[in-house]
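Undergrad: Turn this into a structure:
(chains A and B)
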Amino acid sequence: MSDQTKNETQAENNVSSRRDFLKIAGAMVGAAALTQIASVGIKKAQASHGEEGEHRWGMVIDINLCIGCNYCTYACQAVNNLDDDMLYNVVTTETTENGDEYFLSRPCMHCDDPPCVHVCPVAATYIRDDGIVTMDYDLCIGCRYCEVACPYDVRVFNWREHSGTSPRVPAFGTPEVPPRPRGVMEKCTFCQHRIDIGVERGLVPGVDDSATPACVVACPTGARIFGDLKDAESPASVSLQANKTPIRLREELSTSPKVYYLPPTGQTNAATEEG
Amino acid sequence: MESSIQPLTMRVGKREMDVFPFWIALLVVGLLFGTVGAYQVFAYGLQVTGLSNQIPWGLWITIDLSAIALGGSAFLFGVIVFLLRSKRFETVGKLAVLLGFLGYSSAGLILLFDLGQPLRFWHPVVFWQPHSLLWEVTMCVVLYLTVLMAEVLPIVLEHPLFTTHPILDRFPILRKTSTSLNWLAHRLHGFAPALAIIGLTLSLLHQASLGATYSVLSGRGLWFNQSAPVQFVLSAMGGGTSLLFLLSVIVFRIMRPGLVKDDVLYDVARIAGGIILVCIYIRVWDWAVSNYYSFDREVALQTEFLNKVSPYSASFWVGQVVFALIPGTILLLAKRVRNFRVLMVTAALPIFCTVLVRWNYNFSGLLAWITYDPYTPSVVLYSYVPTWQEWSVASFVISYWLLGFSLAARFLPFKSADHHA
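TA: Predicted coordinates:
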């Protein structure tokens, strides 16, 4: 580059520097405004931890009473209109530290601080005032980030079109909710449709069967207990007060599940306290 | 003004043949193969993939993350050229912008296939959930792709087809269109410094958030660490600049001899090398820290498991550490090496490493999953094998990227003379 062109470029730079400065300043002001708008949204998204409502639904599962019959899973599939390969509730066989086998049945934990709700890019999954973590199927884009984020592996994706009726119908119940489209995420809702209608009619979820989650009603041994954790008289609260050492799964992750387990006899919660 | 473009040739028997038509034919085959898989995915949904409820993110997400990472040179060189006013990198910067545009548009394209509800791709833009990292990434990518379009338009319009081609005089409508497009390009070019700042802000935000997308997954193991955002930004800058160096040598040194000085290319290699070394320095510290502080019993179990299984252990120590450390050093010493063959081979390794970092971040915590037993938890190893439909869609997107790059390399002038000079 010759000296002359160098000088010209420099002069050009000086002339345009004020204009550039204004442009840069403008861009920064714009960015600041955007941050403001976004922060309003963040406050909105953080507002609910599901503790504001009149009720706070929770479940207690007594591991000692569970016989691994899978009725909870089947009733859930029938009532929630699920295909045979989709499970909101999973029952597995696990072992205690003493080597004794027991059944661990696992619905959605309905966390107070749910990782799935924090990560959803469109707020399709949200926590209701009564603590139920649920889905808006019309908003869901099917990105599956909630599934990656859930530490309990309870979310299921609709990989294919709904095939019709579950083989669990009518033995374990009849469908009470419409099928969801292919490509959205689904999850256990604590049978919110039963709770909502029940409360409206003056029934008590956890006491009256038609207002209680299907899995709780179907359990032949009464291992599942449901109720309002804000109400000291509800079956769930009474059971929690009677038992000194209820545990919650992966408590160290601070998700605060609303599903409690009464540990198998001879096994305290010492193991989880260590973690 | 007119710089002659040397086609890449291949010797067949005694004849020198232009490889371009064969290369393009190959890419068209790739696109056609991709169309078959793309149709199946849209018609039958994600059941045609190898994904499952346990491993919901697979090959496509890795390609998406890698495409964004390898476009990382665009914001870096936007800053170098338009804010630091380094004229010598201007021509290389144009290629960087083009790579950025191709990378981000590829990422958007492959994400469209990965959504369960592709027609709702616009939802994050309308239904805000600003607490979600994925929302932030989506918004940044949408905005940044717009910025990249504004930056890439003037570069594409440099082609004589839009200024001096005789066809423009035969059809007045074409002349008019070309004039107004050039006017727009000129205006956009005037905004270049502002665009560079917006590009820098958006890039730092979403490259970091892509790392944070994984670091917030507190229930998962080894590679899901707190320094992931820094790792993602630095490895995108390092890997993206390595790719820029590799392709610059082809586009400028081989195809347009004399357009860019060798010293400039060496400097691109040195920038890449420096960033790669900083990145791996932080990575090794992070490895030490996250192994020292394993508070969570389940995460510790998972980490131990992944360290034991050799593919994961090797992919970290060989792929992420050695493939960054040695090439980083060689690229930093580019001016002493002074051998473009050696440098090109060396620059390929950090590109591979950048992709591998994404692959590891995505899969390690998904594959090794723990049981829920509160008393005696153990690790389960899930498996994932991409189906041919997934490879087919991958081939579609990669062919699109290569086609865009090949056409640009073959036809765009990348003139250094512009409105300023």
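
Undergrad: contacts, neighbours, all on C-alpha from now
TA: Noted.

Undergrad: Ramachandran coordinates for A:Arg128?
TA: phi -80, psi 170 (degrees, to the nearest 10).

Undergrad: Which residues of the stretch 51-200 of chain A lie near chain B?
TA: Contact residues (Cα under 8 Å from any Cα of the partner chain) of the stretch 51-200 of chain A with chain B: A:94-97, A:104, A:115, A:118-123, A:139-144, A:147-153, A:155-157, A:159-160, A:182-184.

Undergrad: Any of those residues buried? List them.
TA: Neighbour counting with 16 or more other Cα atoms under 10 Å in any protein chain shown marks A:94-96, A:104, A:115, A:118-123, A:139-144, A:147-153, A:155-157, A:159-160, A:182-184 as buried within those.

Undergrad: which residues does the residue lying closest to B:Ala192 once chain neighbours are set aside contact?
TA: Spatial nearest neighbour of B:Ala192, chain neighbours left out: B:Phe82 (6.6 Å); criterion: Cα to Cα, 6 or more residues apart in numbering or on different chains. With contact set as Cα atoms under 8 Å, 6 or more residues apart in numbering or on different chains, B:Phe82 has these partners: B:Ala192, B:Pro193, B:Ala196.

Undergrad: Which one (most neighbours) among those residues?
TA: B:Ala196 (25 neighbours; other Cα atoms under 10 Å in any protein chain shown).

Undergrad: tell me the SS of residue 256?
TA: Defaulting to chain A. coil (DSSP: H, G, I helix; E, B strand; the rest coil).

Undergrad: Show the pLDDT at it.
TA: You'll see A:Ser256 listed with a pLDDT of 93.

Undergrad: cool, B:Gly211 as well?
TA: 91.

Undergrad: so how many other residues sit close to the residue in the stretch 101-250 of chain B positioned nearest to chain A?
TA: In the stretch 101-250 of chain B, the residue found nearest to chain A is B:Gly116; the distance is 3.7 Å by Cα to the nearest Cα. Number of residues near B:Gly116 (other Cα under 10 Å) recorded here: 28.

Undergrad: what about the helices in the stretch 301-421 of chain B?
TA: B:310-314, B:323-332, B:334-337, B:340-367, B:388-411 (DSSP state H, counting those that start in this stretch).

Undergrad: Okay, and which of the buried ones among the residues of the stretch 51-200 of chain A next to chain B map to strands?
TA: Here DSSP state E is the test, and those give A:Glu94, A:Thr95, A:Leu104, A:Val156, A:Phe157 as lying in strands.

Undergrad: For beta bridges, what are the partners of the second one?
TA: So that's A:Thr95. A:Glu101 (DSSP bridges).

Undergrad: residues contacting the residue in the stretch 151-275 of chain A positioned nearest to chain B?
TA: Nearest residue of the stretch 151-275 of chain A to chain B (Cα to the nearest Cα) works out as A:Gly183 at 3.7 Å. Residues in contact with A:Gly183, defined by Cα under 8 Å, 6+ apart, are A:Ile141, A:Gly142, A:Phe157, A:Asn158, A:Trp159, A:Arg160, B:Gly45, B:Leu46, B:Leu115, B:Gly116, B:Gln117.

Undergrad: Which two among those residues are spaced furthest apart?
TA: A:Ile141 and A:Arg160 (14.9 Å; Cα to Cα).

Undergrad: Let me see the mean pLDDT of stretch B:59-70.
TA: Rounded mean pLDDT across stretch B:59-70 is 95.

Undergrad: Same check on stretch B:372-390?
TA: The model assigns stretch B:372-390 a mean pLDDT of 89.

Undergrad: Backbone dihedrals for B:Val12, please?
TA: phi -120, psi 110.

Undergrad: do A:Ile247 as well
TA: Given degrees, to the nearest 10, the pair of backbone angles that A:Ile247 has is phi -120, psi 160.
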